[in-house]
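Novice: sequence and predicted structure, then a few things I'm wondering about:
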Protein chains: 2
Amino acid sequence: MTPPITIVYYEDNRELREGISFLIQATPGLELLGAFPNCRQVQDDLRGLQPDVALMDIDLPGISGIDAVPIVKAASPGTQIMMLTVFDDEDKIFRAIRNGASGYLLKHTAPADIIAAIFDLSRGGSPMTASIARKVLLHFQQPPPSPAAQPDDYRLSARELDIIKGLVAGYSYKLIADELHISIDTVRSHIRSVYDKLQVNSKTEAILKAMREGLV
Amino acid sequence: MTPPITIVYYEDNRELREGISFLIQATPGLELLGAFPNCRQVQDDLRGLQPDVALMDIDLPGISGIDAVPIVKAASPGTQIMMLTVFDDEDKIFRAIRNGASGYLLKHTAPADIIAAIFDLSRGGSPMTASIARKVLLHFQQPPPSPAAQPDDYRLSARELDIIKGLVAGYSYKLIADELHISIDTVRSHIRSVYDKLQVNSKTEAILKAMREGLV
DNA sequence: GATGGCCTCACATAAAGATGTGAATCTGCT
DNA sequence: AGCAGATTCACATCTTTATGTGAGGCCATC
């Protein structure tokens, strides 16, 4: 017999709270340790109960569910947190995630799926409603769009890339020359070409440009 | 009547391919335009078919599903891509996401959930298996831990910060002096202090360190 | 009221970088 | 064969940085 997954639940809407509570209690393998309408006692609750899972509504009166997340994590580090919300507000999602929430469901999720999500969560997964997952993924695709829409190709040669890498690494001309087994005058010469191509005229500008444009 | 969601499917395992294909064809509202065992023709396929959804196995012979993602996106920008895989290999997941995949399911997902995921996907969601979503979330939680564990406080004074900002902006000593209405010797003096505190001994190192440590 | 950090400035020298000019070798492409 | 670009090197000159040394005024803490 595996021990049941212990749960605490924060939700201000009484109807919803009682509905989900009943659902949890009716599910074998889940054990509801407490269901609360607000987060006023959240620190004490968690410290005492040490549940496996905390279900948190986002928009709670007083301390919001988001602000409660770090408190929960501090009071009971082993607890996995799942946020429940009606709105898929981007800002709130990311604040909750950064604070340490692991799951994220919209409240319109079917009861059976909520239960499945609780099991997923305690198994180390991060159940997410698809629309929320999309927002998360978009933030990953944001950095790389640069290669997609890359207007700037400075057509640096292989050797010129070696040199700019050296600069970005913080090396002096002399060090770069040693590293590449060429003379310092050759390094100068390449650097001249790099400056031409990057349209800059100092080491600093070249380094900054190379870093910002991801040339290295 | 809404038009059906059109689908192409790449999967080298014949049994699985035929199973899922049958499932899709049996589902009202879904239309399978093609199921292929490899990506050899992916560009032509997509250009011609312009499906709403592409299901891609990750480990395909020849061109991998990951490498196919950008090709799909280029040939048919409107197509939403869902990756299917047996392994939740972190590296592959992120490569696929960065390439532009929108959904990510493990193959052990129940058939009914795969179908549901296709609908989610075409509605603009990003269905993800919970274990994969967790890996994605962890990457979001990674950045913030740094401010928590911030061992380095270089205790730069206000003026020293002005100077390092100038350096990071790419200014020469002279420009910084003009900007701050102080003499170039004063700038030198401050820079000396900055170098001491940052434990560096060149403008380049100082700039790199300041950028990497987020001092600016 | 003394000590220490911060901000300011000056003068001096040595090292590093920027720029001009010129040139030889090698490669790939026309 | 010839041209373009990449790579290599040299010499010269000027500017920018790095570093040493010293110093006066301000402000806060002890």
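Specialist: That came through, no problem.
Novice: now do the strands in chain A.
Specialist: Secondary structure of chain A (DSSP state E): strands located at A:5-10, A:30-36, A:53-57, A:80-85, A:103-106.
Novice: would you mind naming what in chain A lies close to DNA strand C?
Specialist: Applying CB under 7 Å from any atom of the strand, we find that chain A lies next to DNA strand C at A:172-174, A:188-189, A:191-192, A:195, A:201-204, A:206. For glycine as for every other residue, the C-beta is placed from the backbone atoms N, C-alpha and C.
Novice: out of those, which are buried?
Specialist: For those, burial is judged from neighbour counts taken by 16 or more other CB atoms under 10 Å in any protein chain shown, and it is met by A:173, A:191, A:195, A:203, A:204, A:206.
Novice: okay if I get the residues you listed as a markdown table plus pLDDT and distance to DNA strand D?
Specialist: Written out in a markdown table, the entries for these read as follows (pLDDT from 0 to 100; distance: CB to the nearest atom of the strand, whole Å):
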| residue | pLDDT | distance to DNA strand D |
| --- | --- | --- |
| A:173 | 89 | 11 |
| A:191 | 90 | 10 |
| A:195 | 87 | 13 |
| A:203 | 90 | 9 |
| A:204 | 90 | 7 |
| A:206 | 89 | 12 |
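Novice: how deep is the closest residue to residue A:206 other than its chain neighbours tucked in, by neighbour count?
Specialist: Beyond its immediate neighbours in the sequence, the residue positioned closest to residue A:206 (CB to CB, 6 or more residues apart in numbering or on different chains) is residue A:200, lying 4.9 Å away. Residues near residue A:200, counting by other CB atoms under 10 Å in any protein chain shown, number 17.
Novice: how about residue A:127?
Specialist: Using other CB under 10 Å as the criterion, the residues surrounding residue A:127 number 27.
Novice: confidence score at the closest residue in space to it that isn't next to it in sequence?
Specialist: Ranked by CB to CB, 6+ apart and with sequence neighbours excluded, the top spatial neighbour of residue A:127 is residue A:117, at 3.6 Å. Among the per-residue scores, residue A:117 holds a pLDDT of 92.
Novice: what residues does chain A have near chain B?
Specialist: A:94, A:97-98, A:100, A:102-103, A:117, A:120-121, A:123-131, A:133-134, A:136-137, A:139-141, A:143-144, A:167-168, A:170, A:172, A:202-205, A:207-208, A:211 (CB under 8 Å from any CB of the partner chain).
Novice: report the buried members of those residues.
Specialist: Of the residues of chain A next to chain B, these count as buried by 16+ other CB under 10 Å: A:97-98, A:100, A:102-103, A:117, A:120-121, A:125-130, A:133-134, A:136-137, A:167-168, A:170, A:203-205, A:207-208, A:211.
Novice: now, among the residues of chain A next to DNA strand C, which is nearest to residue A:9?
Specialist: residue A:204 (55.7 Å; CB to CB).
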